[in-house]
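Undergrad: Sequence plus the predicted model coming up.
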Amino acid sequence: MDSSAAPVTTSRQESHVRPPAGEQLKGLMRYPVVRQLVRFTGVGIVCTASSLGLYAVFRPWMGPQLANAAALIITSLMNTALNRRLTFKISGKQKRTRDHVNGLIVIAVALVITGGSLGVLHAFRPEATVTEDLWTTTLSGLFATAVRFSMLRHWIFRRARNA
């Protein structure tokens, strides 16, 4: 029998030469929370742009509060799905429905924050423009985003905190 035809095997010692994927990263990227924040930011940019676009379209017909609510609710399913898959690396159907229901609760918290800020703006400036509304929802949305990330990471997707 020719020795060149023998199957190639890897010893257990050789299989441990490469460190796990998380240890290959340098600097801050070696920390799971930093990687998640980077991915969460990308998802947030896409969802925020979608939400602001929908808000600008809806506001003339619905007014500021309903336009804000409609835009957030419509983009919430996209946000939860993208964060589930990209930020926290969860795939498959297991617990998907529960994740989306909990995601709606997280969006409700964001709605209270952004809707509250719009309420304050319109209490002091009833004649506020769409541009002022967008600035208000964007700035309050930054705070809502920090709250959302914390809720997603520590409550909804805690099973994947080290993704």
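TA: Cool, got the structure. Keep in mind the model is a prediction, meaning the values are calculated, not measured.
Undergrad: quick one, helices of this structure?
TA: In the chain, the helices defined using DSSP state H lie at 12-15, 21-24, 32-62, 64-82, 96-124, 130-151.
Undergrad: wait, which of these is closest to Asn162?
TA: Closest approach to Asn162 among the helices of the chain (CB to CB): helix 32-62, 4.4 Å. Quick note: C-beta positions are derived from backbone N, CA and C, even for glycine.
Undergrad: Buried residues in the closest one, which are they?
TA: For helix 32-62, burial by neighbour count (16 or more other CB atoms under 10 Å) applies to 32, 35-37, 39-40, 43-44, 47-48, 51-52, 54-55, 58-59.
Undergrad: again with stretch 142-154
TA: Ala144, Thr145, Arg148, Phe149, Met151, Leu152, Arg153.
Undergrad: Quick check: phi and psi at Gly92.
TA: For Gly92, the backbone dihedrals are phi 90, psi 170 (criterion: degrees, to the nearest 10).
Undergrad: and it, what is it in contact with?
TA: By CB atoms under 8 Å, 6 or more residues apart in numbering, Gly92 lies in contact with nothing.
Undergrad: contacts for stretch 102-119?
TA: Outside stretch 102-119, the residues that reach it (CB under 8 Å, 6+ apart) are 64-65, 68-69, 72-73, 76-77, 79-80, 83, 133, 136-137, 139-141, 143-145, 147-148, 151-152, 155-156.
Undergrad: and if we set it to 6 Å?
TA: With CB atoms under 6 Å, 6 or more residues apart in numbering as the test, stretch 102-119 has contacts from 64-65, 68-69, 72, 76, 80, 136-137, 140-141, 144, 148, 151, 156.
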